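Asker: Sequence and predicted structure are below.
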Amino acid sequence: MENKALLSTHLEKLGIERLNEMQVAAQKAILEEKNVLLLSPTGSGKKH
């Protein structure tokens, strides 16, 4: 299974319907196999 499809499957299983802007940027970097450290302040919508 392609990485993007696999990630979408896992997000769906977790009940995540959409990603916020920061999460989309992190997802892109992860799919490009880059190292990612994501720091997100309280109230930034991490649970979306």
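Answerer: Arrived safely, thanks for sending.
Asker: going forward, measure contacts between C-alpha atoms and count neighbours the same way
Answerer: OK.
Asker: Can you report how many residues neighbour Glu33?
Answerer: 9 (other C-alpha atoms under 10 Å).
Asker: before we move on, what about Glu17?
Answerer: For Glu17, using other C-alpha under 10 Å, the count is 10.
Asker: Make sure it is actually in contact with His10.
Answerer: No - using C-alpha atoms under 8 Å, Glu17 is not in contact with His10; the gap is 10.9 Å.
Asker: quick one: secondary structure of Ala26?
Answerer: helix (DSSP: H, G, I helix; E, B strand; the rest coil).
Asker: dump the residue contacts of it.
Answerer: Val36, Leu38 (C-alpha atoms under 8 Å, 6 or more residues apart in numbering).
Asker: how near is it to Val36?
Answerer: 7 Å (C-alpha to C-alpha, to the nearest Å).
Asker: likewise Val24?
Answerer: Taken as C-alpha to C-alpha, the span from Val24 to Val36 is 12 Å.
Asker: Over to Glu12?
Answerer: From Glu12 across to Val36, the span is 22 Å (C-alpha to C-alpha).
Asker: host element of Met22?
Answerer: helix 21-31 (DSSP states H and E).
Asker: Then Leu6?
Answerer: helix 3-13.
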